[in-house]
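1. Give me a 3D structure for the following:
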Amino acid sequence: MARRPANVDPQELAKFTPMADLWWQPTGDFKALHDINPVRLAYVRRAGLAGKKVIDVGCGGGLLSEAMAREGAQVTGIDMVEAALGVARRHADENSLPVDYREGSAEQWAQVCPGFFDMVTCMELVEHVPDPAALIRSCAELLRPGGDLFFATVNRTPLSYLLVILAAEYLLGIVRKGTHRYNRFVRPAELRCWGEAAGLKVMDLSGLRYLPFVRHVRLCASVKMNYLMHFKKGIHNAPMAKSELV
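-> Sure thing, here's the model as predicted:
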């Protein structure tokens, strides 16, 4: 069986590798992810975590992987940045958390263990890969029928360009310059289309509101900037529920 390509941009690997040691610094380059992680966890926890086999695709230093493991999930974290995985392994060992961190892409893992996982999480990765549709297909292949798949990404709108790139990266320095590329942001309709083509059904679409200076994060109705989408595999005619303000 031919090995699938990894669907990785070498420029992205080069960008994130030198930042690996900063993953667990709550006021460093990954401050925003530390701030939004509790909301991401609460979003996936709706589907239940205890006892479930979960794969965290693009796990980075393990912020979400560890949080899900603390909820009783059996977590595998995969990433293509080996330096980040080394940081994730050390941090999990220091906190006695049994997260299994492995190098690899969703495409590669889907080839060897299709339908193995009860849940797939893929947070802030879609906007960093060359072929997002292939990523969605591979995540769907990893999932068992009836399983849950969660994405978090950034909408491609003038507002997101203004706030996520110009303001956050170049004016305020909340995240490192060059972290995002506007042309790789993903509209919800695109993500939904790719998911449905892969046999998934949208169960929820929620916006994410983040006020960095007061570290306030909550789900919201607007998806003009950051948003989360919940899919279920092999569920037909299920209504799509858009979250209310919480």
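2. from here on, contacts and neighbour counts on C-alpha atoms
-> Noted.
3. how close does A69 get to A88?
-> Between A69 and A88 the distance is 13 Å, computed by C-alpha to C-alpha, to the nearest Å.
4. Neighbour count: these two, which is higher?
-> A88 (27 against 21; other C-alpha atoms under 10 Å).
5. any low-confidence regions in this structure?
-> 1-5, 235-246 (pLDDT under 70).
6. most centrally placed residue in it?
-> In the chain, the centroid-proximal residue (C-alpha atoms, centre = their mean) is M123; its distance is 0.8 Å.
7. burial of the nearest residue to that one once chain neighbours are set aside, as a residue count?
-> Distance criterion C-alpha to C-alpha, 6 or more residues apart in numbering; nearest residue to M123, sequence neighbours excluded, is A152 at 4.6 Å. When neighbours are counted by other C-alpha under 10 Å, A152 registers 22.
8. Can I take it that A152 is in a strand?
-> Yes - checked against DSSP: H, G, I helix; E, B strand; the rest coil, A152 lies within a strand.
9. For A133, which residues are in contact?
-> By C-alpha atoms under 8 Å, 6 or more residues apart in numbering, the contact set of A133 is 191, 194.
10. and the helix or strand hosting it, how far out from the chain's middle?
-> For A133, the enclosing helix or strand under DSSP states H and E is helix 132-142. Relative to the centre of its chain, helix 132-142 is centred 13 Å away, using C-alpha atoms, centre = their mean, to the nearest Å.
11. likewise stretch 65-75?
-> For stretch 65-75 - counting by C-alpha atoms, centre = their mean - the centre lies 15 Å from the chain centre.
12. Check stretch 225-233 too.
-> The answer for stretch 225-233 is 10 Å, by C-alpha atoms, centre = their mean.
13. And for stretch 60-75?
-> 12 Å.
14. now the end-to-end length of it.
-> 14 Å.
15. coming back round to it: the residue nearest to the centre of the chain and L64, how far apart?
-> Using C-alpha to C-alpha, we find M123 at a distance of 9 Å from L64.
16. rewinding a little: now for the residue nearest to M123: which residues touch it?
-> By C-alpha under 8 Å, 6+ apart, the contact set of A152 is 122-126, 226-229.
17. Restricted to strands, list the residues you listed.
-> Using DSSP state E, the members of the contacts of A152 that fall within strands are 122-123, 226-229.
18. quick revisit: closest to P212 among the contacts of A152?
-> For the contacts of A152, the closest approach to P212 (C-alpha to C-alpha) belongs to N226, at 13.3 Å.
19. what's the neighbour count on that closest one?
-> Neighbourhood size, N226 [other C-alpha under 10 Å]: 23.
20. was I right about it contacting T153?
-> Yes - with contact defined as C-alpha atoms under 8 Å, N226 counts as touching T153 (5.8 Å).
21. if I've got this straight, D118 is in a helix?
-> No - with three-state DSSP as the criterion, D118 is strand rather than part of a helix.
22. Might you report the residue contacts of it?
-> 52-54, 143-144, 146-148.
23. Can you give me the buried ones in stretch 144-164?
-> For stretch 144-164, burial by neighbour count (16 or more other C-alpha atoms under 10 Å) applies to 144-145, 147-156, 160-161, 164.
24. Quick one: end-to-end length of it, please.
-> Start-to-end, stretch 144-164 (C-alpha to C-alpha) is 34 Å.
25. With stretch 107-116 instead?
-> Length of stretch 107-116, first residue to last, C-alpha to C-alpha: 14 Å.
26. And the contacts of that stretch?
-> By C-alpha under 8 Å, 6+ apart, stretch 107-116 touches 3-7, 53, 134-135, 138-139, 141-145.
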